[in-house]
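Asks: Show me how the following folds:
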Amino acid sequence: MKFNPLADDFQTNPYPIYDHLRSSQPICHSVIGGDWVLTRYEDVKSILKDRRVVTVNKGKLIEEKAKYLKNRGQNIQALADTTNKFLFYLNPPDHNRLRSLVGQVFSPVKIKEMRPKIETIFNECLDKALSKGEIDIIEDIAQPIPVRMIGMILGIPPNDIKKSFNHWTRTLSRIIDPLIPLAEYETLNQVALEAQQYFHELIFQREKDPQQDLISHLITARDESGKLNEQEVLSMCIMLFVTAQDTTVNTIGNGMLALLQHPDQMDKLKQEPEIIDTAVEEILRFDSPVQMATRIANESLKIGGQTIQKGENIHLCLGSANRDPAEFSNPDQFDVLRQKNNHLAFGDGIHLCLGAPLARLEAKIIINSLLQKLPNLKLASNKLEWRKTVATRGLNELLVTVIT
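Replies: Numbers count the residues shown, from 1 in each chain. Got it, this is the predicted structure:
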């Protein structure tokens, strides 16, 4: 059997397929491209921390496609320039240098200080949603809160946060997928151009009038210490804006769906809101917002009895690793009280997700607040539409009915 992440049944529910692969072919090949696919927890965690592998240089890959498309009259250079300095595509020493510049903003102390703001934005979004009657958890709650929070961190004026920003993040987040149709690159490039133009203007404004925000901090690091260049400032802003929303949206959407489909677990959390920490960790494990990470072997290596040659791609199925019975007891059971839960939803090693503390806090506040303020939520429909992505897993919408 070859791994086919584009199959309809995989898009709807990948976990039975993961189960089969883990037990029969834990290290196999993808049907597309013949790349290696790892599904066991032990193997995935090992590669995430292995210095013999490196991240994919997506910017260079896009530049190669740009040359091909340019011959066909298409230009995707803006997309290549934007992604070339995305933190999760960089390896040491560039990765360490850039991460150190923004890491302090996402420290536990700084994140804890954001709680009141998240709560205020949640209440505003909920009041607006309730006026409509039926609520879409994704559009009404999960999307606007993280985009406003990362906007505040970066220094985006509140009046600039528009609906088009959601389009930017939902579109550009596709860049982390290992399988993108060639025709889609032009759309991605157009969105990258729009984002570049906006952040160029905002950076120019901050150069004239610095504020207490991350963009001003990055400009200072560029000008005073030379620790990063103009393109790195621009790419960092766009990357943080895109990734901070997508992961949180999927966590909240997948988490609320799991709770609604497991009413006994939802009742536990409603009755004991103090267990939200373990509940969110279980949500991250049970239906991970990021399902796959890709690495490249920088030298030949052996794992699980297979030899991976230098230069070969390795797709690490985080979603499968988080359901591995060798690591988690009753892995297909959703248990908000689960104690031993060393999941890999945010990766591991040097590329452990930078924004994980913020995503966790946002998910805790939003999910707990929804259950406490609207204790009688019900799914409006059992028909679910999942986004057609490979690397991430999330719903297009999650309609719920408020029963009074």
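
Asks: How many residues are close by Ile283?
Replies: Close neighbours of Ile283, defined as other C-beta atoms under 10 Å, add up to 28. Any C-beta I mention is one placed from the backbone N, CA and C, and that applies to glycine too.

Asks: can you check Asn229 too?
Replies: 11.

Asks: Tell me the helix or strand right after the helix or strand where Gln265 lies.
Replies: Here Gln265 is covered by helix 263-271, with elements defined by DSSP states H and E. Downstream of helix 263-271, the next assigned helix or strand under DSSP H and E is helix 276-286.

Asks: Buried residues, that next one. List them.
Replies: Ile276, Thr278, Ala279, Val280, Glu281, Glu282, Ile283, Leu284, Arg285, Phe286 (16 or more other C-beta atoms under 10 Å).

Asks: counting contacts, what elements does whatever helix or strand Ile47 lives in pack onto?
Replies: Assessed by DSSP H and E, Ile47 sits inside helix 41-48. The contact analysis (3 or more C-beta pairs under 8 Å, 6 or more residues apart in numbering; DSSP states H and E) places helix 41-48 against strand 292-297, strand 301-303, strand 313-317, helix 318-321.

Asks: As TSV, these with mean pLDDT, mean neighbour count and distance to Arg148 would be great.
Replies: Listed next are the helices and strands packed on helix 41-48 as TSV, based on pLDDT from 0 to 100; neighbours: other C-beta atoms under 10 Å; distance: least, C-beta to C-beta, whole Å:
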stretch	mean pLDDT	mean neighbour count	distance to Arg148
strand 292-297	94	22	28
strand 301-303	93	15	42
strand 313-317	94	24	32
helix 318-321	97	28	27
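
Asks: Make CSV from the ones you listed and add distance to Leu395 to it.
Replies: Listed next are the helices and strands packed on helix 41-48 as CSV, based on distance: least, C-beta to C-beta, whole Å:
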stretch, distance to Leu395
strand 292-297, 18
strand 301-303, 33
strand 313-317, 20
helix 318-321, 15
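
Asks: related to what we said a few turns ago, in terms of secondary structure, what does the helix holding Gln265 contact?
Replies: Under the contact rule (3+ C-beta pairs under 8 Å, 6+ apart), helix 263-271 is packed against helix 230-261, helix 276-286, helix 356-373.

Asks: do that again at 7 Å, thanks
Replies: Helix 263-271 makes packing contacts with helix 230-261, helix 356-373 when contacts are defined by 3 or more C-beta pairs under 7 Å, 6 or more residues apart in numbering; DSSP states H and E.

Asks: And for that helix, what's in contact with it?
Replies: By C-beta atoms under 7 Å, 6 or more residues apart in numbering, the residues outside helix 263-271 that reach it are Leu259, Leu260, Ile275, Ile276, Ala279, Phe334, Val336, Leu371, Pro375.
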